[in-house]
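1. The following comprises the amino acid sequence and a computationally predicted model.
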Amino acid sequence: MKCAALAFALTACATERERPSPAEVAPASLGVRVVQPRHGVTVVAGTTIEVIVEARDLRGTQLVGIGFVSRRLGSGNNATIDSVALRFPQTSDSTHGFDFPVPATLPTNTQLDIWGIAYGPGGQTAVSVPVSVIVARLTEPADCCATPTRWLPAVSNSHRR
């Protein structure tokens, strides 16, 4: 009885399976990363930084777009600050730089997370690991505080004995 069951199982494994035809498009194997800015850097509110995103299709030439999204991390309001998408004819890889104006209204110590996005055919997407940057806000000195009017040269004490 055991031999008959084993023979039946082996016969079932040997039967011809349905194979995909070459005309079918396999899903793209998309990879993406944010090259710049580096994780943990400080950016100044009100300035423009360059976001460089690198994307590729690891198995072919099905990459059709690249972009990024930046979101503010904080007390339950993960608001999208900016997002950009660039579409192009199919290719195997692409690196693109985007200008990202950091809003001047962001307070100091705001964390921004930036994700790279790769687009494949049929709505396929891949999202990178986020890169976190910290916003610093530069302010003018208050009226009550003294500001230097000229800088004095440094005094060297090396000539003393």
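-> Thanks, I have it. Residues are numbered from 1 along each chain as shown.

2. Just after the host helix or strand of Val69, pick out the following helix or strand.
-> Using DSSP states H and E, Val69 falls within strand 63-73. Using DSSP H and E, the helix or strand that follows strand 63-73 towards the C-terminus is strand 80-91.

3. Which neighbouring elements make contact with that following strand?
-> Secondary-structure packing of strand 80-91 (3 or more C-beta pairs under 8 Å, 6 or more residues apart in numbering; DSSP states H and E): strand 63-73, strand 93-101, strand 110-119. (C-beta placed from N, C-alpha, C; glycine too.)

4. what residues does it touch?
-> 57, 61-72, 94, 96, 98, 100-101, 103, 112, 117, 119, 121 (C-beta atoms under 8 Å, 6 or more residues apart in numbering).

5. Could you pick out the buried ones from those?
-> Neighbour counting over the contacts of strand 80-91 (16 or more other C-beta atoms under 10 Å) leaves 57, 62-72, 94, 96, 98, 100, 112, 117, 119 as the buried ones.

6. For the spatially closest residue to Leu86 that is not a sequence neighbour, list the residues it contacts.
-> Nearest in space to Leu86, with sequence neighbours left out and distances taken as C-beta to C-beta, 6 or more residues apart in numbering, is Ile66 at 5.5 Å. Listed by C-beta under 8 Å, 6+ apart, the contact set of Ile66 reads Val32, Val53, Ala55, Ala85, Leu86, Phe88, Ser94, His96, Gly116, Ile117, Ala118, Tyr119.

7. secondary structure element for the second one?
-> When secondary structure is defined using DSSP H and E, the element that contains Val53 is strand 48-57.

8. pLDDT on that strand, on average?
-> Averaged over strand 48-57, pLDDT sits at 94.

9. Quickly run through the sheet partners of it, with directions.
-> strand 30-36 (antiparallel), strand 93-101 (antiparallel) (DSSP bridges).

10. any chance of those in JSON lines, with mean pLDDT and distance to Ile81 too?
-> Output for the strands paired with strand 48-57, formatted as JSON lines (pLDDT from 0 to 100; distance: least, C-beta to C-beta, whole Å):
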{"stretch": "strand 30-36", "mean pLDDT": "93", "distance to Ile81": "15"}
{"stretch": "strand 93-101", "mean pLDDT": "92", "distance to Ile81": "8"}
